[in-house]
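[1] Predicted structure and sequence below. I'll ask about it afterward.
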Amino acid sequence: MSLDDYGVLFGEALSRTGIAVPEGSLLHQAAEEVLEMAVAYRDDGMTFLSGDDPVNALAGFAYGLGWLDAGLKLGLLAPPAVHPPGDLDACIPDAKVAHLREKTHRYRRMLRSALGMVEAAPDPASPLHGGSREFHAVAASWYVEGVERLEAGDYAGALACLSYGYAWLDAGIRAGLLQVTGERDLFTV
């Protein structure tokens with residue numbers, strides 16, 4: 001899939017997505033914030049793409065899709081769907097590979113640290129406690145997938161996986177499922 005196609009897929013997913021909880025409810029505000037983050041990162045990705053910065057476009061699209069999917073999983077947004085990173089064949093030109101490698105390695109370090117700096121926010125007796133563990137597990141599984149792709153030399157795929165997984169942590173914090181126990185500057189809170 002090309003970056004243009006990835007951006008189109010993201011735009012189509014956003015066009016089908018709406019807030020699923022009643023206006024005026026506490027969860028409506030959370031839904032607005034999650035959807036706002038997804039839209040902002042889709043817009044950032046398009047800006048980066050048009051400005052000849054495919055590396056940041058890729059990261060923006062994957063991160064925004066992670067926010068979107070996390071909001072869908074929470075039931076804040078509808079209709080339910082998933083948009084995990086796919087195969088992004090040759091989407092980064094050779095002239096941008098050094099930037100891709102640097103950013104991918106940086107995101108690997110950041111997500112590895114971030115995974116250890118959050119914990120479940122809800123009380124263990126709350127049904128949301130299991131959801132917090134699930135959000136952490138999703139982020140951790142995308143970290144593992146990203147590392148595997150990185151070790152296989154698929155830097156674009158690795159960056160997409162790491163960005164997507166990172167969004168699940170950030171969305172989990174914003175929605176109140178996870179709380180930061182370490183460096184807050186690693187998170188979008």
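    Received, thanks. Bear in mind that the values here come from a model prediction, so they are computed numbers and not experimental data. Residues are numbered from 1 along each chain as shown.
[2] What's the first helix or strand after the helix or strand of the chain with the lowest mean pLDDT?
    Lowest by mean pLDDT, DSSP states H and E among the helices and strands of the chain is helix 3-15, with a mean of 93. The helix or strand immediately downstream of helix 3-15 is strand 18-19, counting by DSSP states H and E.
[3] Centre of the chain to that next one, how far?
    Distance of strand 18-19 from its chain centroid, counting by CA atoms, centre = their mean, to the nearest Å, is 18 Å.
[4] Show me what it is packed up against.
    Strand 18-19 makes packing contacts with helix 26-50, strand 77-78 when contacts are defined by 3 or more CB pairs under 8 Å, 6 or more residues apart in numbering; DSSP states H and E. Every residue, glycine included, has its C-beta placed from N, CA and C.
[5] Report the mean confidence score over that strand.
    Over the span of strand 18-19, the pLDDT mean works out to 96.
[6] Tell me which strands that strand pairs with, and in which orientation.
    When pairing is defined by DSSP bridges, strand 18-19 lines up against strand 77-78 (antiparallel).
[7] give me the number of residues near residue 36?
    Neighbourhood size, residue 36 [other CB atoms under 10 Å]: 11.
[8] cool, residue 16 as well?
    Residue 16 sits with 11 neighbouring residues when counted by other CB under 10 Å.
[9] Next, the buried residues of stretch 105-114.
    Residues of stretch 105-114 classed as buried: 107-108, 111, 114 (neighbour count, 16 or more other CB atoms under 10 Å).
[10] For those, work out which two are farthest apart.
    Using CB to CB, the pair of those lying farthest apart is 108 and 114, separated by 10.9 Å.
[11] of all the buried residues of stretch 105-114, which comes closest to residue 187?
    residue 114 (6.6 Å).
[12] pretty sure the closest one contacts residue 188?
    No: between residue 114 and residue 188 there is no contact under CB atoms under 8 Å: 10.5 Å.
[13] Out of the helices and strands packed on strand 18-19, the one nearest residue 184 is which?
    The nearest among the helices and strands packed on strand 18-19, by CB to CB, is helix 26-50 at 16.7 Å.
[14] The closest one: which residues count as buried?
    Within helix 26-50, the residues scored as buried using 16+ other CB under 10 Å are 27, 30-31, 33-35, 37-39, 41-42, 44-46, 48-49.
[15] which helices and strands sit right next to whatever helix or strand comes next after that helix?
    Sequence order places helix 54-74 as the next helix or strand after helix 26-50, per DSSP H and E. Applying 3+ CB pairs under 8 Å, 6+ apart, one finds that helix 54-74 contacts helix 3-15, helix 26-50, strand 77-78, helix 97-115, helix 127-151, helix 155-174.
[16] what comes up buried for the following helix or strand past the fourth one?
    Read it as helix 97-115. With elements assigned by DSSP H and E, the helix or strand that comes after helix 97-115 is strand 118-120. Residues 118, 120 are the ones in strand 118-120 that count as buried (16+ other CB under 10 Å).
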